[in-house]
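J.: Prediction below, plus the sequence it came from.
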Protein chains: 2
Amino acid sequence: MTCSGHPVTVALAASGTRALRFWKRLQTKVDEEVTVSGIEDVASLAGVSKATVSRALSGRGYVSVETRAKVSDAAHRLGYVVSSSASSLVTGRTNNVGVIIPRINQWFFGSILEGVERALLDRGYDLMLYNVSKTVEERSKVFEYFLVRKRVDAVIAVTLEITPAETERLVGLGKPIAGIGGPLEGIPTVSIDDVAAARLATEHLLLLGHRDIVHVGGDVDEQMDFHVHSKRLKGFLEALTAAGIPHDENSYLATRFDIPGGYRVGKQLLGDPRRRPTAIFAAADEVAIGVILAARELGISVPDDLSVIGIDNHPLSDMFGLTTVEQRPDLQGEHAVDWVIRQLEQPGWSPDAGHAFAPTRLVMRSSTAPPRPRTG
Amino acid sequence: MTCSGHPVTVALAASGTRALRFWKRLQTKVDEEVTVSGIEDVASLAGVSKATVSRALSGRGYVSVETRAKVSDAAHRLGYVVSSSASSLVTGRTNNVGVIIPRINQWFFGSILEGVERALLDRGYDLMLYNVSKTVEERSKVFEYFLVRKRVDAVIAVTLEITPAETERLVGLGKPIAGIGGPLEGIPTVSIDDVAAARLATEHLLLLGHRDIVHVGGDVDEQMDFHVHSKRLKGFLEALTAAGIPHDENSYLATRFDIPGGYRVGKQLLGDPRRRPTAIFAAADEVAIGVILAARELGISVPDDLSVIGIDNHPLSDMFGLTTVEQRPDLQGEHAVDWVIRQLEQPGWSPDAGHAFAPTRLVMRSSTAPPRPRTG
DNA sequence: GAAACTTATGGAAAGGTTTCCTGAACCAGG
DNA sequence: CCTGGTTCAGGAAACCTTTCCATAAGTTTC
């Protein structure tokens, strides 16, 4: 095996067709003569054995400084890169991590993905993306056909219910798993403390003096794990109860977890002046923003006539002056990566607890204020 | 390092510990008895040779119906899955495609990623995600260290400038490449016809009778390829010129490609009644929505006092009644996948043209109307 | 000055597939 | 009955690393 691939220098034109031609020419050129160099070539160029090349390049085992220099020089000259297939065939490690995520195009999920990606790349792992909705057959297809196919070293599941059988299958293959979002049956998971976050938000409103508060939560759709909704509702009710404020079925409304969802419910809720609360706790910032937009349209001043608080600290929240309980999905992603990587790199290690709560904090802006004193 | 800076409080809820115990039990179970079966085991269980198993399972070559049944039965019983490392070591194919994308958490990019992912998974390929900002060193790190590492069969680059040297490197390795978004030097790319889309939007305003139109485009940041901005500006100016309408430096404003960006520039532009145009063509829906929000805040009625049109058909556009020129980033992603897969599966094939234009269409809503007849 | 380490290197085996080559069985046509 | 083509199956080579084992030189210790 020899490296016959001579470097091709070609002037690139700006025009589209010319660029295309350039590209086609490269294509055919490729067909003619491309050979990629292997470890053998590097070894002979550096005047050492394959074993030494492997050690020099991977940094494992004894290699003298000069030899290492010679080898890496030769490798660089030949443009050598290890075949990850061959490498992982013998080591049993693929160096990539599968990420199952139900949606991408939504702030929460996108941020998680960004965090996971960053953390993974930092540590030299590749990320295999499986964007799987919650339908059972899609998920099991991914599980059976893709994930298990010995292509990933570990799995990070975002807000995805995994059946015990599936968990067992993965763990049975010795692959670390971590979850983000909902509590996943039997696998360590990181998320915020939804109950506490909701309590914090509600307490903020209570502290301001609000007594008439409505919670707008998510409905059971595919957007989120339904646990999120029930927990945030729970925190809300807990706070009310602790403050000795009665609540009934009118204290809670469900809608889609996005701006239009909040807008719809806002219009509906605020349209009737008699039913209008003095404050709304939305389970997500996007919902809160939708509520604010509805309020504006109805001529209801925020925060003078209505206080609104959300959860997330969404990028748009600042623009709307939205008071919110911040969470950082990207850091949750990084945390999950930490877990699986550590399990990968020091076998036997496992998280101390089945669950880690990511920090949250109250971000006060201009959408909350004491309720307007009752006029006569 | 990631989580070290952000303390995570750990709590053991009742259910949490149960889950953990379950998980740990699985762990130890693993240590005791896991053995993964290889092709050899399947062969002996089915009473045939490894070669036959391979043929039966991959569907290549002659295998009798009964043998195939026996083999797949045995494979299923043993829970056998092929080692993709071993497989790709000999075939030279990894069956996954690398996707380089500058951002994830933005509608345009998220949609592309969703489309690419869907198309790839449909065809049995895995997607390796590289979320790379435009900084040179990050990009080259990905190129040199990850992509080229023989881990992907093809590359899809989203809105990323690739240097000729990098292109050459990839093509030199025989890996198909396709781009989405900006015109990439020397590689086939799919995108909308930005000039035409901008012209279409502008012509819509002109047709309604507007003469005083301002274009709000993107500034040169990392959000988008700057070609997008210049092309949409070009289409805008072309339409004005064709209609015989003069334009000057006041006809164009640049801002960030998001809602706050549009809001800022909207406030600034609409704040001064003398400078206020009758219509605004925003280069992106998010910018247009920001403008609408600014207008609302200033008491300017859309579309009575101001028409606004955008490009994208963003999910929020419907809620804001925004007239827009629709594009489908997900379909562009699928198109790019088509290209690379076809090149992979029928060697020698290459796209007819260096560029494909994805379709756009005008979606009329309530944000545009004829200008208010001049009073006074 | 010998024994015991440590450091440096090479040869060879191993890892799990796919595919090439070969041969057997079967069938149709002459 | 022989030939040639097709279908089926097995043995063995090949794919490219990493790692185990062996060897050898250099260094420390008693």
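T.: Thanks, I have the structure now.
J.: When you work out contacts or count neighbours from here on, use the C-alpha atoms and nothing else.
T.: Fine.
J.: Is the residue nearest the centre of chain A in a helix, a strand, or coil?
T.: Nearest residue to the geometric centre of chain A (C-alpha atoms, centre = their mean): residue A:112, 1.7 Å. Under DSSP: H, G, I helix; E, B strand; the rest coil, residue A:112 falls in the helix class.
J.: Nearest residue to it in space, please, no chain neighbours.
T.: Residue nearest to residue A:112 in three dimensions, not counting chain neighbours: residue A:330, with 4.4 Å by C-alpha to C-alpha, 6 or more residues apart in numbering or on different chains.
J.: And the pLDDT for the one you found?
T.: Per-residue confidence (pLDDT) for residue A:330: 97.
J.: Then residue A:303?
T.: So residue A:303 comes in at 95 (pLDDT).
J.: Stretch A:118-132 vs DNA strand D: in contact?
T.: No: among the residues of stretch A:118-132, none lie within reach of DNA strand D under C-alpha under 7 Å from any atom of the strand; the closest is 13.9 Å away.
J.: Which residues belonging to that stretch are considered buried?
T.: A:118-121, A:125-132 (16 or more other C-alpha atoms under 10 Å in any protein chain shown).
J.: near chain B, from the residues you listed?
T.: A:118-119, A:126-131 (C-alpha under 8 Å from any C-alpha of the partner chain).
J.: what separates residue A:110 from residue B:188, distance-wise?
T.: The spacing between residue A:110 and residue B:188, counted by C-alpha to C-alpha, to the nearest Å, is 28 Å.
J.: Of the two, which one has the most company?
T.: Applying other C-alpha atoms under 10 Å in any protein chain shown to residue A:110 and residue B:188 shows that residue B:188 carries more neighbours, namely 26 against 22.
J.: Could I get the pLDDT score of the more buried one?
T.: Looking at residue B:188, the pLDDT reads 91.
J.: heading toward the C-terminus, what's the first helix or strand past the worst-scoring helix or strand of chain A on mean pLDDT?
T.: Lowest mean confidence among the helices and strands of chain A (mean pLDDT, DSSP states H and E): helix A:16-33, at a mean of 41. Under the assignment DSSP states H and E, the closest C-terminal helix or strand after helix A:16-33 is helix A:39-46.
J.: Do that following helix and DNA strand D come into contact?
T.: Yes: interface with DNA strand D: helix A:39-46 contributes A:39-40 (C-alpha under 7 Å from any atom of the strand).
J.: which strands and helices sit next to that helix?
T.: helix A:50-58, helix A:65-78 (3 or more C-alpha pairs under 8 Å, 6 or more residues apart in numbering or on different chains; DSSP states H and E).
J.: tell me the angle the first one makes with helix A:39-46.
T.: Relative orientation of helix A:50-58 with respect to helix A:39-46: 90 degrees, computed using axes from the mean of the first three to the mean of the last three C-alpha atoms, to 10 degrees.
J.: Look up how far residue A:337 lies from the residue nearest to the centre of chain A.
T.: The gap separating residue A:112 from residue A:337 is 11 Å, by C-alpha to C-alpha.
J.: in the stretch 151-300 of chain A, which spans are strands?
T.: A:154-158, A:177-180, A:189-192, A:213-218, A:252-255, A:279-282 (DSSP state E, counting those that start in this stretch).
J.: Sheet partners, orientation included, of the fourth one?
T.: What it means is strand A:213-218. strand A:252-255 (parallel), strand A:279-282 (parallel) (DSSP bridges).
J.: what sits up against the first one?
T.: Pointing back at strand A:252-255 there. A:214-219, A:233, A:261-262, A:265 (C-alpha atoms under 8 Å, 6 or more residues apart in numbering or on different chains).
J.: quick check, nearest of those residues to residue B:156?
T.: Nearest to residue B:156 out of these is residue A:261 (C-alpha to C-alpha; 34.4 Å).
J.: Can you tell me the closest non-neighbouring residue to that closest one?
T.: residue A:255 (5.4 Å).
J.: in the sheet, who's paired with residue A:361?
T.: residue A:326.
J.: so it sits right up against residue A:325, yeah?
T.: Yes: assessed by C-alpha atoms under 8 Å, residue A:361 is found in contact with residue A:325 at 5.4 Å.
J.: What strand or helix carries residue A:116?
T.: In this assignment (DSSP H and E), residue A:116 forms part of helix A:107-122.
J.: and the angle for that helix with helix B:107-122?
T.: 70 degrees.
J.: what sits up against helix A:107-122?
T.: Against helix A:107-122 from outside (C-alpha under 8 Å, 6+ apart): A:97, A:101-104, A:126-127, A:314, A:328-334, A:336-338, B:2, B:104-105, B:110, B:129-131.
J.: now, which of those lie within strands?
T.: Residues of the contacts of helix A:107-122 located in strands (DSSP state E): A:97, A:101, A:126-127, B:129-131.
J.: Name the nearest of these relative to residue A:55.
T.: Proximity of those to residue A:55 (C-alpha to C-alpha) peaks at residue A:126, which lies at 22.3 Å.
J.: Distance check, that closest one against DNA strand D.
T.: Residue A:126 is 16 Å from DNA strand D, where distance means C-alpha to the nearest atom of the strand, to the nearest Å.
J.: That residue against residue A:96, yeah?
T.: Yes: using C-alpha under 8 Å, residue A:126 is in contact with residue A:96, at 4.4 Å.
J.: Next, see if stretch A:346-365 gets close to DNA strand D.
T.: No: using C-alpha under 7 Å from any atom of the strand, stretch A:346-365 stays clear of DNA strand D, with a minimum separation of 14.3 Å.
J.: Now do that stretch, average pLDDT.
T.: 89.
J.: for chain A, what are the low-confidence residue spans?
T.: Where chain A drops to pLDDT under 70, the residues are A:1-35, A:134-136, A:144-148, A:221-223, A:374-376.
J.: Which residues of it lie near DNA strand D?
T.: So chain A meets DNA strand D at A:37-40, A:50-55, A:57-58, A:60, A:80-83, A:86-88, A:90-91 (C-alpha under 7 Å from any atom of the strand).
J.: Let me see the residues that make contact with stretch A:229-242.
T.: A:194-199, A:201-203, A:215, A:217-219, A:246-247, A:252, A:283.
J.: follow-up on the earlier one: out of the ones in strands among the contacts of helix A:107-122, who's nearest DNA strand D?
T.: The closest of these to DNA strand D turns out to be residue A:126 (C-alpha to the nearest atom of the strand; 16.1 Å).
J.: ok, now which ones touch that closest one?
T.: A:95-97, A:120, B:128-129, B:146.
J.: and which of those is nearest DNA strand D?
T.: Nearest to DNA strand D among the contacts of residue A:126, with distances taken as C-alpha to the nearest atom of the strand, is residue A:95, at 11.7 Å.
J.: Share the number of residues neighbouring that closest one, please.
T.: 19.
J.: That one reaches residue A:155, doesn't it?
T.: No: counting by C-alpha under 8 Å, residue A:95 stays clear of residue A:155, with 11.7 Å between them.
J.: Which residues of the stretch 151-300 of chain A lie near chain B?
T.: A:151, A:168, A:171-174, A:185-188, A:259-260.
J.: So which of those residues are in helices?
T.: Among these, the ones falling in helices (DSSP state H) are A:168, A:171-172, A:259-260.
J.: and those as JSON lines, adding neighbour count and distance to residue B:352?
T.: Listed next are those as JSON lines, based on neighbours: other C-alpha atoms under 10 Å in any protein chain shown; distance: C-alpha to C-alpha, whole Å:
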{"residue": "A:168", "neighbour count": "20", "distance to residue B:352": "49"}
{"residue": "A:171", "neighbour count": "23", "distance to residue B:352": "47"}
{"residue": "A:172", "neighbour count": "20", "distance to residue B:352": "48"}
{"residue": "A:259", "neighbour count": "22", "distance to residue B:352": "42"}
{"residue": "A:260", "neighbour count": "23", "distance to residue B:352": "42"}
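J.: Which members of the residues you listed are the farthest-apart pair?
T.: A:172 and A:260 (43.3 Å).
J.: for residue A:61, what are its contacts?
T.: Counting by C-alpha under 8 Å, 6+ apart, residue A:61 has contacts residue A:55.
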